[in-house]
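[1] test case, fold it:
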Amino acid sequence: MVYRNKAELIRALVMKDDVVLDVGFWGQGVGHESPQWPHKLLKERAKEVYGLDLEFDEPYASDAHYLKASAEHFDFPVKFTLIFAGDLIEHLSNPGLFLESCKRNLAPGGRLIITTPNTF
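    Numbering: from 1, shown residues only. Got it, this is the predicted structure:
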């Protein structure tokens, strides 16, 4: 399926009972103050949302739902029904390690959503 934007994709694929990990949540090309920030849209839609990125600012830095770590090496104390990686995979030096981390952190039957830019 092709979606015109991330907001449309999130509305279609994220359910109200999902526990979501947003990998690379801080650097998604839209500032955190924007109503179109994918992380904000996920928080409006899902039951619970966690975030992972190499860098991010307060108030997220003091919240246990957020982890400063590499997308290639991460572990959380919860299992996720959905992992969202928006425009991230093209920045990784080893996407295989990222996929292994996702597999470890997904609940049985969990889903992985990966988006990547299409210049056309």
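[2] so what does the lengthiest helix in the chain touch, helix or strand wise?
    Ranked by number of residues, the top helix in the chain under DSSP state H is helix 95-105. Secondary-structure packing of helix 95-105 (3 or more CB pairs under 8 Å, 6 or more residues apart in numbering; DSSP states H and E): strand 19-23, strand 80-86. The C-beta positions use only the backbone N, C-alpha and C, and glycine is treated the same way.
[3] contact partners of it?
    For helix 95-105, the external contacting residues (CB atoms under 8 Å, 6 or more residues apart in numbering) are 21, 23, 71-76, 79-80, 83, 85, 88-89, 92, 112.
[4] that older thread, got TSV for the helices and strands packed on helix 95-105, with mean neighbour count, mean pLDDT and distance to Lys6 too?
    TSV is the format used below for these (neighbours: other CB atoms under 10 Å; pLDDT from 0 to 100; distance: least, CB to CB, whole Å):
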stretch	mean neighbour count	mean pLDDT	distance to Lys6
strand 19-23	25	98	11
strand 80-86	24	97	6
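[5] mind checking those strands for the one nearest to Pro108?
    strand 80-86 (9.6 Å; CB to CB).
[6] which residues touch the most centrally placed residue in the chain?
    The chain has Asp22 as the residue nearest its centroid, 1.8 Å off, counting by CA atoms, centre = their mean. By CB under 8 Å, 6+ apart, the contact list for Asp22 reads 38-39, 42, 49-52, 84, 86.
[7] in the chain, which spans are strands?
    Counting by DSSP state E, the chain has strands at residues 19-23, 48-53, 66-68, 80-86, 106-115.
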